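Enquirer: 3D model of this:
(one chain, ligands or ions: 2)
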Amino acid sequence: MSAATSQRVTGNTNARYKSGVIPYKKMGYWQPDYVPKDSDVIALFRITPQENVDPEEAAAAVAGESSTATWTVVWTDRLTACELYRAKAYRVDRVPNTGPGTKTEAQYFAYIAYDLDLFEPGSIANLTASIIGNVFGFKAVKALRLEDMRIPVAYLKTFQGPATGIVVERERLDKFGRPLLGATTKPKLGLSGRNYGRVVYEALKGGLDFVKDDENINSQPFMHWRDRFLYCMEAVNKASAATGEVKGHYLNVTAGTMEDMYERADFAKELGTGIIMIDLVVGYTAIQSMAKWARRNDVILHLHRAGNSTYSRQKNHGMNFRVICKWMRMAGVDHIHAGTVVGKLEGDPLMIKGFYDTLRESHTRQSLEHGLFFEQDWASLNRVMPVASGGIHAGQMHQLIHYLGEDVVLQFGGGTIGHPMGIQAGATANRVALEAMIMARNEGRDYLREGPEILQAAARHCSPLKAALDTWGDITFNYESTDTADFVPTATASA
Ligand SMILES: O=C(COP(=O)(O)O)[C@H](O)[C@H](O)COP(=O)(O)O
Ligand SMILES: [Mg+2]
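Expert: Ligands and ions are numbered 1, 2, ... in the order given. Modelled structure (predicted):
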């Protein structure tokens, strides 16, 4: 007899199934003694219960509404292996620095385990319809945030993972031992195909590895997509011939329908591109489809995370970006924008380290200060190249390498195209700054502390770098982060 059948036969007593409304805890969604199985999916939610709602009941309600429950008892549960299929809230902890005596109302971390049978293999859409489905509108909780997930190896193995991965991307580019350099074409909207292609050529010729379309450039009246693709590929080919290096431009194939996206991707491939791009807003199923297309066609897949801050930035509601990193690694993208720490957009250093580790490590340990609540074995899924983009410039090179490491694309849009001596000079400034800093690192210097001097020394022989430092050297974006660690490392806490 299978486990499922035996559950049906030994199912619960009549009292439990009497019609009416009973607490979710009584319905079996709170099981403090439950020990998660290796094959369970585990989700960690931050719950802000409504006043007078017991946190354990709120956790049970979240478990119920994200798995099998509805608001009232239904006898049809007994036609199923309901005890197996019920998600189990098994632990609730008060979030540090919330509740009585603090400025923030009480919040709780609720740990919930889900049996693997609740999810369709290889489908982010199906996983998310449970985990972030109805439950986020549930009245008994004032706010709800999905903070982290532990995905079992058994489930990971049903996903393709990154189409190409970091190792093969570097082999195709023939570039090793340093971050890759990119730029977002600016202005983001309005250029004609020919002018757009000129920006791409100049930036690649000046020393960048990649240029990219911005998130909102698709096929507008001022430049239809075929024009953009033709001029960009002409620029890539000319710059590769002129420099002897492999170059690329992420052609954004985002469109209104899947058929249009495939048409654009096929044309990009026909023109010989090594990389294409999509936006997060196309949705999980479209992302998985494009990842399969990318693997079939030997093309790298770049994902711009446009839209994520709508639901990932605020601490009490929505979902943490680290969970998006996990889902996107499973879905199969090769690149994902994951923050810069020092640039113009949201990015606490500890949080960003957690995102980067999630994307790049084959195994991550629990690390509460980086927001990693669970140990995660990535089951040999390829690694994703994080992309640092948004308000960065050559003067920050030492910090970028310190915080973000080597396997990363550093993307300077304004920080290339806005250079006072022109786009090529902007690209050269970034390339020289990068190579000077990598050399200093390889020589064992304390490049983070000595960074500004290392850059000034390199600028003595490189007027584009000097101009970049003179223009942007002092530009910083020192605003308080919104999404910060709940568990601060001891050394920092006492500092
Ligand atoms: O256009 C840019 C950056 O331009 P610039 O380099 O001129 O600032 C990108 O869309 C942002 O980096 C996205 O943000 P994120 O990478 O955080 O998702
Ligand atoms: Mg942009």
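Enquirer: spatially nearest residue to the most centrally placed residue in the chain (excluding sequence neighbours)?
Expert: When Cα atoms, centre = their mean is applied to the chain, the residue found nearest the centroid is Cys325 (3.3 Å). Excluding its sequence neighbours, the residue lying closest to Cys325 (Cβ to Cβ, 6 or more residues apart in numbering) is Thr358, at 4.5 Å. Just so you know, the C-beta spots here come from the backbone N, C-alpha and C atoms, and that holds for glycine as well.
Enquirer: quick one, what contacts the one you found?
Expert: Arg322, Cys325, Lys326, Arg329, Thr364, Leu372, Gln376 (Cβ atoms under 8 Å, 6 or more residues apart in numbering).
Enquirer: quick check: Thr416 is in a helix.
Expert: Yes. Assigned with DSSP: H, G, I helix; E, B strand; the rest coil, Thr416 falls within a helix.
Enquirer: do you know how far it is from Arg441?
Expert: Going from Thr416 to Arg441 by Cβ to Cβ, to the nearest Å gives 22 Å.
Enquirer: between the two, tell me which one has more neighbours.
Expert: Thr416 (33 against 18; other Cβ atoms under 10 Å).
Enquirer: how about that one, what does it touch?
Expert: Ala183, Ala203, Gly206, Leu208, Ile423, Gly426, Ala427, Asn430.
Enquirer: quick one on the thing from earlier: which SS class is the residue nearest to Cys325?
Expert: Note that with three-state DSSP, the state of Thr358 is helix.
Enquirer: Pro386 is in contact with Ala338, correct?
Expert: Yes. The pair Ala338 / Pro386 is scored as a contact, 4.0 Å apart, by Cβ atoms under 8 Å.
Enquirer: need the overlap of contacts for the two.
Expert: Between them, Ala338 and Pro386 share the contacting residues Phe355, Tyr356, Leu359, judged by Cβ under 8 Å, 6+ apart.
Enquirer: which one of those residues is nearest Asn126?
Expert: Asn126 lies nearest to Leu359 out of those, by Cβ to Cβ, at 22.7 Å.
Enquirer: leaving out sequence neighbours, find the closest residue to that closest one.
Expert: Closest residue to Leu359 apart from its sequence neighbours, by Cβ to Cβ, 6+ apart: Val384 at 4.1 Å.
Enquirer: what pLDDT is listed against that neighbour?
Expert: Looking at Val384, its pLDDT stands at 98.
Enquirer: contact residues of this protein facing ligand 1?
Expert: Residues of the chain lying near ligand 1 by Cβ under 6 Å from any ligand atom: 184, 186, 214-215, 305, 337, 339, 344-345, 389-391, 411-415.
Enquirer: list the ones among those that fall in helices.
Expert: Members of the residues of the chain next to ligand 1 lying in helices (criterion: DSSP state H): Gly414, Gly415.
Enquirer: any of the residues of the chain next to ligand 1 buried? List them.
Expert: Buried by 16 or more other Cβ atoms under 10 Å: 184, 186, 214-215, 305, 337, 339, 389-391, 411-415, out of those.
Enquirer: same list, the residues you listed, but only the ones touching ligand 2.
Expert: Among those, the residues lying close to ligand 2 (Cβ under 5 Å from the ion) are Asp214, Glu215.
Enquirer: which of the buried ones among the residues of the chain next to ligand 1 sits closest to Lys292?
Expert: Arg305 (20.2 Å).
Enquirer: that closest one: what's it in contact with?
Expert: Leu280, Phe321, Ile324, Ile336, His337, Ala338.
Enquirer: same deal with Cys325?
Expert: Cys325 makes contacts with Ile336, Ala338, Phe355, Thr358, Leu359, Val384, as judged by Cβ under 8 Å, 6+ apart.
Enquirer: can you put the residues you listed in CSV and add distance to Val167?
Expert: Listed next are these as CSV, based on distance: Cβ to Cβ, whole Å:
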residue, distance to Val167
Ile336, 17
Ala338, 18
Phe355, 20
Thr358, 18
Leu359, 14
Val384, 12
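Enquirer: now those as TSV including distance to ligand 2?
Expert: Listed next are these as TSV, based on distance: Cβ to the ion, whole Å:
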residue	distance to ligand 2
Ile336	14
Ala338	14
Phe355	18
Thr358	23
Leu359	20
Val384	19
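Enquirer: quick check: phi and psi on Asp279?
Expert: phi -100, psi 150 (degrees, to the nearest 10).
Enquirer: number of nearby residues for the residue nearest to Glu435 when sequence neighbours are not counted?
Expert: Nearest residue to Glu435, sequence neighbours excluded (Cβ to Cβ, 6+ apart): Arg178, at 7.2 Å. If you count neighbours by other Cβ under 10 Å, Arg178 ends up with 20.
Enquirer: quick one: pLDDT of Arg178?
Expert: pLDDT, Arg178: 98.
Enquirer: which ones among the residues of the chain next to ligand 1 map onto strands?
Expert: Mapping those onto strands (DSSP state E) picks out His337, Ser389, Gln411.
Enquirer: so which of the residues you listed is the closest to ligand 2?
Expert: When these are compared for distance to ligand 2 (Cβ to the ion), Ser389 wins out at 7.6 Å.
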